[in-house]
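Asks: Let's see this in three dimensions:
(one chain, ligands or ions: 1)
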Amino acid sequence: MSKTVSLLGAAALLVAGLSFAAPAPPSLLLTGARVLDPAGERLLDGRDVLIENGRIAAVGAAGTLQGPAGAQRIDLSGLTLIPGLIEMHSHLLLHPYDETPWDDQVLKEPLELRTIRAVVAAKATLEAGFTTVRDLGTEGAGYADVSLRDTIASGMIPGPRVLTSTRALVATGSYGPSGFDPRWDIPKGAQVVDGPVEMRKAVREQIAAGADWIKVYADYRRRPGITTPTFTQEEMAAAVDEARSAGLPVAAHAYTPEGIRRAILAGVATIEHGTGVTDELLALMKQKGVALVPTLAASEAVSRYAGWKPGEPEPQRVREAREMFARALKSGVTIANGSDVGVFAHGKNARELELMVAYGMPPGQALRAATITAAAVLRRDKDLGRIAPGYLADLVAVKGDPLADVSVLEQPVAVVKDGRVALNRR
Ligand SMILES: [Zn+2]
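Replies: Residues are numbered from 1 along each chain as shown. Down below sits the predicted model:
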């Protein structure tokens, strides 16, 4: 008991000690690019963007803006400038399962190794043009995401702005690693809680340790091959209510109709994966303002790891994800870009946008799902997701027209985060 208390106290001190912002970067003038308009719907030719104190100060016709003396200038003529991309579902503390199975990452890899890998993953993510990630669980790596977030924010290491959810919450018998002799008490990849009292306590612990979001698993494969709801309605409601008291939203992993239904009724902000969502539940999500994060790229990656090769007949998992996505698109529910990256390689996040387009979403809407729409779901639409004065200077320069072809997002030419140049291949 006292050990728990002192560890949490130390974590709180660490958070307090690192929560200062990095010193303001020098002014930056990006010249001559085609710029995505603030609505994210069309490209404006020949624009300059002036960045001061980490924010967009002005956007004007080429040659009309004058930076202060000593401002850094980068010529972006011939390129397209878009807002920094947002990944709504990452796991920076995981690496691809075809490198190391998930069970082995959770049970065998030292926390230090996992954290160092995450530092490398953070840099790859930023250089891929993803300037903000909502990281949905450390998968057994404790609160390492909080230190990752804070060291990035302090300027110590490069990486995206990280919104943390720390350990995530699961019910007894409802998460991995599993399949061991019941005599053994095997560590889990998330925090195990039962009943509304334990749920509230765990949410409080995670918030105190630095969570920005709370992640709950509304259902899971509790028996081989059979996914069923886990938390009761009462438990889900306790999680959402406790998080709400602290001003935090909740994300729910949910595949089954009943798991999705309980999560929506409890008041979560996002449904992750959502494969089994029905038309009725999509309508309910739309009515209650719950967003869907489809993680299509993870379904594809997991199928690949099971031996499927693109071009071969579609495996069930991919078909179900594609059909779910088509129904979601038709329903008009809010769809935000989130890939479950970590299941596959960090820095390959743009695959999700390519799949959203392949499954029927117009490229412009896919781009907005990773910018304006994602920012709104994160409740950050006043400072993220648009190129407009006052917004944080998170910007990506790409070749070509992402409103016509999102594959141009795979290879950014330049990346700016918080007004600081993170990548410049010019
Ligand atoms: Zn995930």
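
Asks: quick one: Asp48 from Arg55, how far?
Replies: Going from Asp48 to Arg55 by CB to CB, to the nearest Å gives 15 Å. C-beta here means a position set from N, CA and C on the backbone, and glycine is covered the same way.

Asks: Oh, that last question was meant for Asp75, not what I typed.
Replies: 21 Å.

Asks: Tell me where the stretch 251-400 of the chain has strands.
Replies: Ranges of strands in the stretch 251-400 of the chain, per DSSP state E, counting those that start in this stretch, are 270-273, 291-293, 395-398.

Asks: Show me where this protein has its helices.
Replies: Per DSSP state H, the chain carries helices over the ranges 2-18, 102-107, 111-127, 144-153, 195-209, 233-245, 257-266, 279-288, 296-305, 316-331, 351-358, 363-369, 372-377.

Asks: The fourth one - contacts with which helices or strands?
Replies: Judged by 3 or more CB pairs under 8 Å, 6 or more residues apart in numbering; DSSP states H and E, helix 144-153 is in contact with helix 2-18, helix 111-127, strand 130-135, strand 161-163.

Asks: outside of it, which residues touch it?
Replies: With CB atoms under 8 Å, 6 or more residues apart in numbering as the test, helix 144-153 has contacts from 11, 14-15, 18-19, 21-22, 92-93, 111, 114-115, 118-119, 122, 135, 138, 157-166, 209-212.

Asks: now swap in the last one and tell me
Replies: Judged by CB under 8 Å, 6+ apart, the contacts made with helix 372-377 from elsewhere in the structure are 39-40, 83, 86, 88, 132, 269-270, 291, 334-338, 381, 384-386.

Asks: Now do the contacts for Gly54.
Replies: 24-25, 392-393, 418-420.

Asks: Just give the closest residue to it, not the sequence neighbours.
Replies: Spatial nearest neighbour of Gly54, excluding adjacent residues (CB to CB, 6 or more residues apart in numbering): Gly419 at 3.7 Å.

Asks: Could you list the low-pLDDT ranges of the protein?
Replies: 1-21 (pLDDT under 70).

Asks: let's go with 50 and repeat that
Replies: Counting by pLDDT under 50, the low-confidence segments of the chain come to 1-17.

Asks: If we ignore the residues flanking it in sequence, what's nearest the residue positioned nearest the centre of it?
Replies: In the chain, the centroid-proximal residue (CA atoms, centre = their mean) is Met88; its distance is 2.6 Å. With CB to CB, 6+ apart as the measure, Gly338 is the residue that lies nearest to Met88, at 3.3 Å, once sequence neighbours are left out.

Asks: Am I right that the one you found is in contact with Leu85?
Replies: No: Gly338 lies out of contact with Leu85 (CB atoms under 8 Å); the separation is 11.3 Å.

Asks: Show me the one of the strands of the stretch 251-400 of the chain that comes nearest Arg319.
Replies: If you check each of the strands of the stretch 251-400 of the chain against Arg319 by CB to CB, strand 270-273 wins as the nearest, at 14.8 Å.

Asks: Alpha carbons only: can I get the closest one in PDB?
Replies: Provided in PDB are the C-alpha atoms of strand 270-273 (Å, rounded to 0.1, in the frame of the first residue of the first chain):
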ATOM      1  CA  THR A 270     -14.800   7.200 -29.300                       C
ATOM      2  CA  ILE A 271     -15.400   3.500 -30.400                       C
ATOM      3  CA  GLU A 272     -12.100   1.800 -31.400                       C
ATOM      4  CA  HIS A 273     -12.300  -0.900 -34.200                       C
END
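
Asks: What residues sit buried inside that strand?
Replies: Neighbour-count burial for strand 270-273, counted by 16 or more other CB atoms under 10 Å, picks out 270-273.

Asks: In TSV, list those residues along with distance to Pro257.
Replies: Formatted as TSV, the buried residues of strand 270-273 follow (distance: CB to CB, whole Å):
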residue	distance to Pro257
Thr270	17
Ile271	11
Glu272	15
His273	13
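
Asks: Next, format the strands of the stretch 251-400 of the chain as TSV and append distance to Arg426.
Replies: Output for the strands of the stretch 251-400 of the chain, formatted as TSV (distance: least, CB to CB, whole Å):
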stretch	distance to Arg426
strand 270-273	36
strand 291-293	33
strand 395-398	8
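
Asks: what residues are up against the spatially closest residue to Val59 that is not a sequence neighbour?
Replies: Distances taken as CB to CB, 6+ apart place Val49 nearest to Val59, at 5.3 Å, with adjacent residues excluded. Counting by CB under 8 Å, 6+ apart, Val49 makes contact with 29-30, 33, 35, 56, 58-59, 65, 81, 387, 393, 395.

Asks: and those, which of them are in strands?
Replies: Members of the contacts of Val49 lying in strands (criterion: DSSP state E): 29-30, 33, 35, 56, 58-59, 81, 395.

Asks: need those residues in JSON lines with neighbour count and distance to Thr256, can you?
Replies: Formatted as JSON lines, the ones in strands among the contacts of Val49 follow (neighbours: other CB atoms under 10 Å; distance: CB to CB, whole Å):
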{"residue": "Leu29", "neighbour count": "20", "distance to Thr256": "52"}
{"residue": "Leu30", "neighbour count": "29", "distance to Thr256": "47"}
{"residue": "Ala33", "neighbour count": "29", "distance to Thr256": "45"}
{"residue": "Val35", "neighbour count": "25", "distance to Thr256": "43"}
{"residue": "Ile56", "neighbour count": "25", "distance to Thr256": "43"}
{"residue": "Ala58", "neighbour count": "16", "distance to Thr256": "50"}
{"residue": "Val59", "neighbour count": "21", "distance to Thr256": "46"}
{"residue": "Leu81", "neighbour count": "24", "distance to Thr256": "42"}
{"residue": "Leu395", "neighbour count": "30", "distance to Thr256": "40"}
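
Asks: hang on, the earlier thing: more neighbours: Asp75 and Arg55, which one.
Replies: Arg55 (17 against 12; other CB atoms under 10 Å).

Asks: For the nearest residue to Pro68 once chain neighbours are set aside, grab the count of nearby residues.
Replies: In this structure, Pro68 finds its nearest non-sequential neighbour in Ser27, 5.2 Å apart by CB to CB, 6+ apart. By other CB under 10 Å, 18 other residues sit near Ser27.
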